[in-house]
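**Q** Please work out how this folds:
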Amino acid sequence: MLRIILFMTGVFLLLIAFKLLTKALEKIISPYLLGGLKKLTSIKYIAIVYGIVLTMFLQSSSIVLICLLGLVKTRYINVLQALWILLGANIGTTITNHLLILDLSLCIPALMLIGFFLFFIKETSYFYIGVLCQSIAILFIAMDIMSYSLVGMQNNILFIELFSSLENPLVGLIFGIITTAILQSSSASLAVLQSFVLTNTLPLSWLIWVVFGQNIGTCFTGVLAIVGANKKTRQVILLPFLINILGMLCFIPCLWIFDILLFIEISNPNNLSVQLANFNTIYNIITVFLLLPFDKILVYLSEQMLAN
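**A** Model (predicted):
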């Protein structure tokens, strides 16, 4: 019971850290990134890079989606531009999990101390830099707590049954969708999975289905904004589902044809957490290249689905 409480505490701290990190980066970076948005995103490849950078700094594809809903509703950008940014956002949201696999435990006290002193500076920008430092420190503390709580649970019957069930691709897919829909963040959901694999050796071929589910699960955030949405904004809400579901279906043949899992496992043979982060990034990059030639078809498909 104590380990369950510790694990839930770690998850709670992780969500708080993501929220603080997102808020701090939004205040620090957003004014610079939003300038010239309409002009920049009129070019396909620049819009994708813009989506990557914006999501990388805001640390949330969900916030990017909510922003796009407002921009499309006011006709500041069109649905096709929103699609390009969303494709980039899928890549940008994977960056956090690469940060979490670094061993930066020794930096935690320094980050907490720097953040603490910056809180006393009156200028707003310094305050949010302090929040940024504190949130990064809390992220690593949360990961350490979750990993510690799972040590010794390898022999727990319920724990063994849970992970044995992930051998079934459908179970793994549903597990990823549900956990991410609850946590409202694919980065947070994958971070929780990374903490699991630090204390358990599982085949990467099982866990990729959870990652597929996590990418789909993060789309449910936009559903909350469907009330009061017009047709164009409903299209934007629908697009992440089309991107991630069709992207998964297109990617699976490539997975086996090019033996991507073997490449990832050979690159980092003894670190499943790194393998997961690498797979998530490679999956989203390949998905973008697979779907990009069909961007106008995706927009048309979303329009027709709403017309019926």
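**Q** distance of the nearest residue in space to residue 230 that is not next to it in sequence from residue 295?
**A** Using C-beta to C-beta, 6 or more residues apart in numbering and skipping the chain neighbours, the partner closest in space to residue 230 is residue 73 (6.4 Å). For glycine as for every other residue, the C-beta is placed from the backbone atoms N, C-alpha and C. Applying C-beta to C-beta, to the nearest Å, the value for residue 73 to residue 295 is 21 Å.
**Q** next one: residue 43
**A** Distance, residue 43 to residue 295, by C-beta to C-beta: 13 Å.
**Q** quick one: the helices in the stretch 1-150 of the chain?
**A** 2-33, 37-40, 44-58, 61-73, 79-92, 95-100, 108-118, 124-150 (DSSP state H, counting those that start in this stretch).
**Q** Highest mean neighbour count across these, which stretch is it?
**A** Ranked by mean neighbour count, these are led by helix 79-92 with a mean of 25 (mean count of other C-beta atoms under 10 Å).
**Q** tell me the secondary structure for residue 202?
**A** Here residue 202 is recorded as coil under DSSP: H, G, I helix; E, B strand; the rest coil.
**Q** And the pLDDT for it?
**A** pLDDT recorded at residue 202 is 75.
**Q** In this structure it contacts residue 272, no?
**A** Yes: counting by C-beta atoms under 8 Å, residue 272 is a contact partner of residue 202 at 6.9 Å.
**Q** least trustworthy helix or strand in the chain by mean pLDDT?
**A** helix 157-164 (a mean of 64; mean pLDDT, DSSP states H and E).
**Q** From the chain's centroid, how far away is the next helix or strand after it?
**A** Next along the chain after helix 157-164, taking DSSP states H and E as the criterion, comes helix 169-183. Chain-centre distance of helix 169-183: 14 Å, with C-alpha atoms, centre = their mean, to the nearest Å.
**Q** Extract the CA atoms of helix 169-183 and return them as CSV.
**A** In CSV, the C-alpha atoms belonging to helix 169-183 read as follows (Å, rounded to 0.1, in the frame of the first residue of the first chain):
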residue,chain,number,x,y,z
PRO,A,169,-1.4,-5.4,-28.9
LEU,A,170,-5.1,-4.5,-28.4
VAL,A,171,-4.6,-4.4,-24.6
GLY,A,172,-1.5,-2.3,-25.0
LEU,A,173,-3.2,0.1,-27.4
ILE,A,174,-6.3,0.6,-25.1
PHE,A,175,-4.0,0.9,-22.0
GLY,A,176,-2.1,3.7,-23.7
ILE,A,177,-5.3,5.5,-24.9
ILE,A,178,-6.9,5.4,-21.4
THR,A,179,-3.9,6.4,-19.4
THR,A,180,-3.1,9.3,-21.7
ALA,A,181,-6.7,10.5,-21.8
ILE,A,182,-6.8,10.5,-18.0
LEU,A,183,-3.4,12.3,-17.6
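**Q** More neighbours: which of residue 202 and residue 272?
**A** When residue 202 and residue 272 are compared for neighbours, residue 272 comes out ahead with 21 against 17, by other C-beta atoms under 10 Å.
**Q** my read: the more buried one touches residue 204, true?
**A** Yes: counting by C-beta under 8 Å, residue 272 touches residue 204, with 6.7 Å between them.
**Q** Farthest from the middle of the protein: give me that residue.
**A** residue 122 (33.0 Å; C-alpha atoms, centre = their mean).
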